[in-house]
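Novice: Turn this into a structure:
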Amino acid sequence: MRARNYLKYIADEIHSTVFATIDREGRPVTCAIDIMDYDENSLYFLTAKGKNFYDRLKANENIAFTAIKGKDTLSCVAVSVQGKVKEIGSDRLPELFRKNPYMEKIYPDVRSRSILTVFQIYEGTGEWFDLSKLPIERDGFSFGDAQTKENGYFVTDKCIGCKLCYSKCPQKCIDITQKPVVIEQRHCLHCGNCFEVCPVRAIERRY
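Specialist: Sure, this is the predicted structure:
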């Protein structure tokens, strides 16, 4: 899928996320935040200027969040994003309230909404993880000016074709019809079994 499709899924299908920010002592703090809108390269949410969350966003533009949808572990889709935010003010508030009418029950009139401001996640990288599929499916994406980083386990030319990695792979997502064997990244759990069992250290981990 294109990045826009992932951003749309986050805003429209999952909506409620758990954000991580950093406090003044450098400790991580989490809070529940609704993603209220998206466009081609951004996500949008709002908060009140009186909240500690607002202070943390202003002090450090780096955020991360995870969002999950599903009735149980084996039916869930999880999306995690790391990115940067900036405050864009109140101009977008009427549109966010129109798209998210439940907010009127929390901030019922113009006067009460005067404390609110909108933030834009203007760039970031993300990971899609779908446990409802067998084998599992994962994908990376990026938006704004961020670039997707290649991470996980990869087989190098040191591979001797012993196939021990395949025997330990819980998803059987290693193509052993060629040498070096190839880990199918879209289905990999990143568990590290292949890395641990390889007798010639032909598998490397990329961060």
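
Novice: which stretches of this protein form helices?
Specialist: Using DSSP state H, the helices found in the chain span residues 3-8, 52-59, 93-99, 103-106, 110-113, 164-168, 193-197.

Novice: show me the contacts for the residue nearest to residue 35 when sequence neighbours are not counted.
Specialist: For residue 35, ignoring the flanking residues on the chain, the nearest one in space by CB to CB, 6 or more residues apart in numbering is residue 11 at 4.8 Å. Where C-beta positions appear, they are placed from N, C-alpha and C, glycine not excepted. Counting by CB atoms under 8 Å, 6 or more residues apart in numbering, residue 11 makes contact with 35, 36, 37, 38, 43, 44.

Novice: Please convert those to JSON lines, extending it with distance to residue 76.
Specialist: JSON lines is the format used below for the contacts of residue 11 (distance: CB to CB, whole Å):
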{"residue": "35", "distance to residue 76": "17"}
{"residue": "36", "distance to residue 76": "22"}
{"residue": "37", "distance to residue 76": "24"}
{"residue": "38", "distance to residue 76": "21"}
{"residue": "43", "distance to residue 76": "20"}
{"residue": "44", "distance to residue 76": "24"}
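
Novice: Among the residues you listed, find the one with the greatest number of neighbours, please.
Specialist: Within the contacts of residue 11, residue 43 tops the neighbour count with 27 neighbours, counted by other CB atoms under 10 Å.

Novice: partner residues bridging the residue at minimal distance from the centre of the chain?
Specialist: Centroid-nearest residue in the chain: residue 80, 1.7 Å away (criterion: CA atoms, centre = their mean). Note on residue 80: beta-bridge partners by DSSP bridges are residue 66, residue 127.

Novice: and what of residue 182?
Specialist: In this structure, residue 182 bridges to residue 175 when assessed by DSSP bridges.

Novice: shift numbering so it begins at 152
Specialist: All right, first residue 152 from here; so that's residue 333.

Novice: how many neighbours does it have?
Specialist: By other CB under 10 Å, the residues close to residue 333 number 15.

Novice: same deal with the one 5 residues further on?
Specialist: Residues lying near residue 338 (other CB under 10 Å) number 17.

Novice: Quick one, grab the pLDDT at it.
Specialist: Residue 338 is assigned a predicted lDDT (pLDDT) of 97.

Novice: just checking, it touches residue 288?
Specialist: Yes: using CB atoms under 8 Å, residue 338 is in contact with residue 288, at 6.5 Å.
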